[in-house]
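Participant: Predicted model follows, preceded by the sequence.
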Amino acid sequence: MPNKVVGSMSDWSGVLKDLFRQIDDGSITLETIKAVVGHCGPDKIADLLVDWTIFWSKRGFAIGDISVPEKRPGFDRLLVIPQGLTIEQVFGICQKLFKVWRYTNQDLDEAIPTNDRTSTNGSYAIWVRDRVEADEEFKNQSANTLKAVGHTGITVLERLIYEAKYFDETGKHLDITNITLCAGSRYSDGGVPVVSWDGGNAKLFLGWCDPGYASGLLRSRAVVA
């Protein structure tokens with residue numbers, strides 16, 4: 001049975017015009033489109049992958065071959081990480097979009113060498129909750145506590161990608177009030193990366209905390225990987 005088209009033809013016409021324009025000017029390659037089409041389903045996942053393809057193509061990255069994990073209720077935000085993308089690179093992408101601050105001047109991939117997921121061997125996708133603030137369900141829970149119960153939390157790379165994509169879509173920021181505990185990553189000294197928007201200084205804040213530290217403002221973001 002043919003897959004049902006999501007959206008009216010008038011909705012699709014504008015998207016396709018823009019897509020063909022970008023193919024024509026070289027900002028999206030035919031190979032990239034083929035890779036996306038090969039993994040399109042009958043629902044909105046196809047639309048999301050096209051959107052991510054455009055986002056990454058503008059920044060010199062291709063998604064290529066990718067599988068999307070099964071979606072769970074409440075996890076409506078898809079994040080796509082292209083093969084080879086590093087923490088340092090995505091921090092640089094953020095830096096081009098808005099002001100940033102980081103805890104260390106060391107290369108971030110050297111400073112934060114431990115991550116639950118990386119794109120070293122291929123592009124991948126995850127689902128997170130579509131929320132401005134980090135998950136309230138995990139307030140007052142340290143990284144050590146979450147690890148002990150088998151929690152799958154966002155990495156610092158994924159959190160920075162979320163910030164860049166959200167800003168690209170809305171011109172706004174994440175974690176205005178609270179702080180994301182990047183429970184899926186560790187600094188070389190065992191500290192846990194934390195990310196938030198410093199509204200007073202209008203800049204992204206990338207800091208750290210002790211893995212045993214817990215606070216009502218410090219919250220992980222759960223991941224479906």
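Facilitator: Nice, thanks for sending it over. Numbers count the residues shown, from 1 in each chain.

Participant: Could you use CA atoms for every contact and neighbour count after this?
Facilitator: OK.

Participant: So, low pLDDT: which residues of this protein?
Facilitator: 1-18, 20, 27-43 (pLDDT under 70).

Participant: Tell me how it divides into domains.
Facilitator: As assigned by automatic domain parsing, the chain contains the domains 1-65, 73-220.

Participant: Next, format those domains as a markdown table and append mean neighbour count.
Facilitator: As requested, the domains of the chain are exported to a markdown table (neighbours: other CA atoms under 10 Å):
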| stretch | mean neighbour count |
| --- | --- |
| domain 1-65 | 14 |
| domain 73-220 | 18 |
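
Participant: L19 falls within a strand, correct?
Facilitator: No - L19: not assigned to a strand; according to DSSP: H, G, I helix; E, B strand; the rest coil it is helix.

Participant: who touches the closest residue to A143 other than its chain neighbours in this structure?
Facilitator: For A143, ignoring the flanking residues on the chain, the nearest one in space by CA to CA, 6 or more residues apart in numbering is P211 at 5.0 Å. The contact partners of P211, by CA atoms under 8 Å, 6 or more residues apart in numbering, come to S142, A143, N144, G190, G191, V192.

Participant: hmm, 7 Å instead?
Facilitator: S142, A143, N144, G191, V192 (CA atoms under 7 Å, 6 or more residues apart in numbering).

Participant: Not counting residues beside it along the chain, what's closest to the first one?
Facilitator: The shortest distance from S142 to any residue that is not its chain neighbour, by CA to CA, 6+ apart, is 4.5 Å, and that residue is A214.

Participant: doesn't that neighbour fall inside a helix?
Facilitator: No - under three-state DSSP, A214 sits outside any helix and is assigned coil.

Participant: How much space separates it from T53?
Facilitator: 37 Å (CA to CA, to the nearest Å).

Participant: what's the answer for L181, then?
Facilitator: 28 Å.

Participant: What ranges does this protein have for its strands?
Facilitator: Secondary structure of the chain by DSSP state E: the strands cover 77-81, 100-102, 114-115, 124-128, 179-181, 185-186, 192-198, 203-209, 218-220.

Participant: Work out the gap between the third one and the centre of the chain.
Facilitator: The gap between where strand 114-115 is centred and where its chain is centred comes out at 16 Å by CA atoms, centre = their mean, to the nearest Å.

Participant: List the neighbouring strands of it plus their orientation.
Facilitator: Partner strands and pairing direction for strand 114-115 (DSSP bridges) are strand 185-186 (antiparallel).

Participant: again, but for the last one
Facilitator: When sheet partners are counted by DSSP bridges, strand 218-220 sits next to strand 179-181 (parallel).

Participant: ok, now the first one?
Facilitator: Sheet partners assigned to strand 77-81 using DSSP bridges are listed as strand 124-128 (antiparallel).

Participant: quick one, what contacts T177?
Facilitator: Here T177 is in contact with no residue (CA under 7 Å, 6+ apart).
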